[in-house]
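Novice: Sequence first, then the predicted structure, then my questions.
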Number of protein chains: 2
Amino acid sequence: MQPRTHVTLEDVARAADVSLATASRALNGMRVTPQLRDRVLAAAEQLAYTPNAHARALAGASHRTVGVICHDVSDPYFAAVAGGVMRVAGDKDLLVMLASTFRDPEREIAYVSMLRAERALAILLIGSGFEDPHWERALDAELKPYLENGGRVAVVSRHRSLKVDSVLPENRAGAAAMARALLDLGHRRFAVLAGPPALTTVADRLGGFRDELKKAGVQLAPTDVVEGPFTRDGGYGAMTELIARGLTATCVFALTDVMAIGACAALRDHGLSVPRDVSVAGFDDIPIVRDLTPPLTTVALPLQQLGEKAMELALTENTGRRRRILRMGGEVVVRASTAKLA
Amino acid sequence: MQPRTHVTLEDVARAADVSLATASRALNGMRVTPQLRDRVLAAAEQLAYTPNAHARALAGASHRTVGVICHDVSDPYFAAVAGGVMRVAGDKDLLVMLASTFRDPEREIAYVSMLRAERALAILLIGSGFEDPHWERALDAELKPYLENGGRVAVVSRHRSLKVDSVLPENRAGAAAMARALLDLGHRRFAVLAGPPALTTVADRLGGFRDELKKAGVQLAPTDVVEGPFTRDGGYGAMTELIARGLTATCVFALTDVMAIGACAALRDHGLSVPRDVSVAGFDDIPIVRDLTPPLTTVALPLQQLGEKAMELALTENTGRRRRILRMGGEVVVRASTAKLA
DNA sequence: GCGCTTTCAGTAAGCGCTTTCAGGGTGCTA
DNA sequence: TAGCACCCTGAAAGCGCTTACTGAAAGCGC
């Protein structure tokens, strides 16, 4: 950004033949004689002036930027949540800085640090945290000074680490409800496609599911749980492994819809029909799954709202001392991917 | 951000008992005696110091931020392209500011202005432009001063307006290729699900398709083209309308995969089978469509690469005077959603 | 008509950092 | 040992803007 130097407020002031202060005030809509104001505005327009947001932020005017950190925008889950965040941010005239960590804890911390440097007025962390004390401490170390200096933080889908406002999907309860729904359909032999055990979401959903089965006297053996990345290909791979082992389950519960989609593909590729041969259920209710054939049974989360609420929490003053926690969603939507067993 | 005032470089310098200059140099890895450097680093660590990116940018250090403006992150098309952008940005240690315009031209311009104010080192515009002279002029007015001051701009999927580096999906050629492929399958009666006519992408894809059909002696009547928003529901609505009118086509070409997905849902809801009753084809090859039942025939675009290339174009010096144009993708992928007619 | 408040423009002091410039050691050479 | 070249460090000048604070002019009541 070297070439020609920028048009500055000083240029505008000179062109309008007023002082810096007056120009600044005119541009910011403070009380100024209409005549002067018009002159300033005209000069600014004519010079294609854009105030330097950095100078402005530095000089004390709060600047309108919020940061959002998620695992991967191209995952429909995060895309939907981010969509909600942006809706609210757009309404409030905020610029959103969106970063993808690609599930690298290091990178997450680096991004928080960058956003801190940007003096973002809020930071939103979207998506499961990692069960890693070292990471937790490092994140805390970044966030604490940020909060102490008036930064706002809200998180979606993580609870352990931080004392900040949170929007929590009903992971445990939702998975439990799913277990009940599947039991009601007559299933007794299950397999689970799980994600990386370091993600808190995995622990919650798996735990909820397993515990509820146990209540009904159904055991989930360790071999019934296959791990894979939280991606379509992860689901495909996990399902393939399950098939290779000799599939005995009548119903497969994937911990995310994206994995469920991969699982369905794997089943199809092996000549197995859903739900005739195997039932499949997912979690999240990302928009696409209702349009699959068969449409996917899943635990519905109001994804867009998750993002909206988080943004609102972060933006609204927290007068009480306590962190606010919103639990959302968790209703089972039974669709055609799960069969009723006789 | 009032409460406690931030830890500044001055605090660090004082704690380390060195001058501001030395502290700055130590933190930025310039030549400083190891002993002093360590003292500074320790002090910074201890105080949880984060440099103020604004002050830094203002003082002249280039700041590592790029802006991306797209229509809607929660659309899988943009999510995938944005994913590519972020991959490259992540590698180069850049922060990405991502904005969604929700297809509002005003908002697009507002965002460019904000990014200009942020002194983003590059701005990427992703997604079809609008065929609207007023908007074009306004956008130009924002972008020109930005470019003149050394800002970099690259666009994906729009060509008319600006003299900037572009990555162009092969919209025309791809649609033409699709026409040929469908003709080869034996289809002769078509319908098209189009998007808002103000989008250049619509004109290109529709034009390419129509012209190629004409070459084969197949006419596309105005009533064969139904418009709707570029969304799943838009596709659903358009298809429903087509059905209501009495569907005569043997094959429906949706101008985007997302619309095609909606169209398939509409067909299903009306008891029509794809591809037995009607063939459906889309455009884009968003990741999900290979996992649909039936998998969607479509024109493949390397979405992630689109984003990567755009980012690279913007970041790499353009020595030649001319804008660089990359044409990408456009190969037809025939899958099971289109039937071969006897 | 005089002294008061009120209004509005201008002056100047930073915001937190980078970077130029100058000064003072240090190690060589002659 | 004097002289020179280096290498570091520190002092200070901004970067472009906001915002007290100051001061002048105008409006008001008695």
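Specialist: Yep, it's here. Note that the structure is predicted; figures quoted are calculated from it, not measured.

Novice: Near the residue in the stretch 101-250 of chain A positioned nearest to DNA strand C, how many other residues are there?
Specialist: At 8.3 Å from DNA strand C, residue A:117 is the closest residue in the stretch 101-250 of chain A, using Cβ to the nearest atom of the strand. Heads up, the C-betas are built off the backbone N, CA and C, glycines and all. As a burial measure, residue A:117 scores 19 neighbours (other Cβ atoms under 10 Å in any protein chain shown).

Novice: close enough to count as contact, it and residue B:57?
Specialist: No: counting by Cβ atoms under 8 Å, residue A:117 does not reach residue B:57; the two are 9.9 Å apart.

Novice: Quick check: closest non-adjacent residue to the residue nearest to the spatial centre of chain A.
Specialist: The residue lying closest to the centre of chain A (Cα atoms, centre = their mean) is residue A:126, at 3.3 Å. Closest residue to residue A:126 apart from its sequence neighbours, by Cβ to Cβ, 6 or more residues apart in numbering or on different chains: residue A:70 at 4.1 Å.

Novice: Would you check how far apart the one you found and chain B are?
Specialist: For residue A:70, the distance to chain B equals 10 Å [Cβ to the nearest Cβ, to the nearest Å].

Novice: And residue A:116, by the same measure?
Specialist: 5 Å.

Novice: And residue A:247, by the same measure?
Specialist: Separation of residue A:247 from chain B (Cβ to the nearest Cβ): 20 Å.

Novice: What does that residue show for phi and psi?
Specialist: As for residue A:247, its main-chain torsions (degrees, to the nearest 10) stand at phi -80, psi 120.

Novice: circling back: tell me who's in contact with the residue nearest to the centre of chain A.
Specialist: A:68-71, A:78, A:81-82, A:85, A:155-157, A:307, A:310 (Cβ atoms under 8 Å, 6 or more residues apart in numbering or on different chains).

Novice: where does it land on pLDDT?
Specialist: With respect to pLDDT, residue A:126 scores 95.

Novice: so what's the backbone phi/psi at it?
Specialist: When quoted as degrees, to the nearest 10, the phi and psi of residue A:126 stand at phi -110, psi 120.

Novice: Then residue A:274?
Specialist: phi -110, psi 130.

Novice: okay, now it: neighbour count?
Specialist: Other residues close to residue A:274 by other Cβ under 10 Å number 23.

Novice: I'd like to know how far it sits from residue B:146.
Specialist: 52 Å (Cβ to Cβ, to the nearest Å).

Novice: Kindly provide the distance from residue A:76 to residue B:260.
Specialist: For residue A:76, the distance to residue B:260 - Cβ to Cβ - is 17 Å.

Novice: Let me see the mean pLDDT of stretch A:77-96.
Specialist: 92.

Novice: Tell me where chain A has helices.
Specialist: Assigned by DSSP state H, the helices in chain A fall at A:9-16, A:20-27, A:34-47, A:53-58, A:76-91, A:105-117, A:133-148, A:171-184, A:200-215, A:232-245, A:257-269, A:303-315.

Novice: Can you list the buried residues in the second one?
Specialist: Applying a neighbour-count criterion of 16 or more other Cβ atoms under 10 Å in any protein chain shown, one finds A:22-27 buried in helix A:20-27.

Novice: Please convert those to TSV, extending it with distance to DNA strand C and pLDDT.
Specialist: Formatted as TSV, those follow (distance: Cβ to the nearest atom of the strand, whole Å; pLDDT from 0 to 100):
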residue	distance to DNA strand C	pLDDT
A:22	3	93
A:23	8	94
A:24	8	93
A:25	6	93
A:26	8	93
A:27	12	92
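
Novice: if we can go back for a sec, tell me the one among the contacts of residue A:126 nearest to DNA strand D.
Specialist: residue A:68 (25.3 Å).

Novice: Can you tell me who the closest one pairs with across the strands?
Specialist: residue A:98, residue A:124 (DSSP bridges).

Novice: dump the residue contacts of residue A:67.
Specialist: A:96-99, A:111-112, A:115, A:118, A:120, A:122-124.

Novice: Would you mind measuring from the spatially closest residue to it that is not a sequence neighbour to residue A:146?
Specialist: Using Cβ to Cβ, 6+ apart and skipping the chain neighbours, the partner closest in space to residue A:67 is residue A:115 (3.6 Å). Computed as Cβ to Cβ, the residue A:115 to residue A:146 distance reads 8 Å.

Novice: what residues are shared contacts of those two?
Specialist: Taking Cβ under 8 Å, 6+ apart as the criterion, residue A:115 and residue A:146 both touch residue A:123.

Novice: Of those two, which one has the most company?
Specialist: More crowded of residue A:115 and residue A:146, by other Cβ under 10 Å: residue A:115, with 27 against 23.

Novice: Pull the contacting residues for that one.
Specialist: Counted by Cβ under 8 Å, 6+ apart, residue A:115 has contacts A:67, A:69, A:97, A:99, A:123, B:95.
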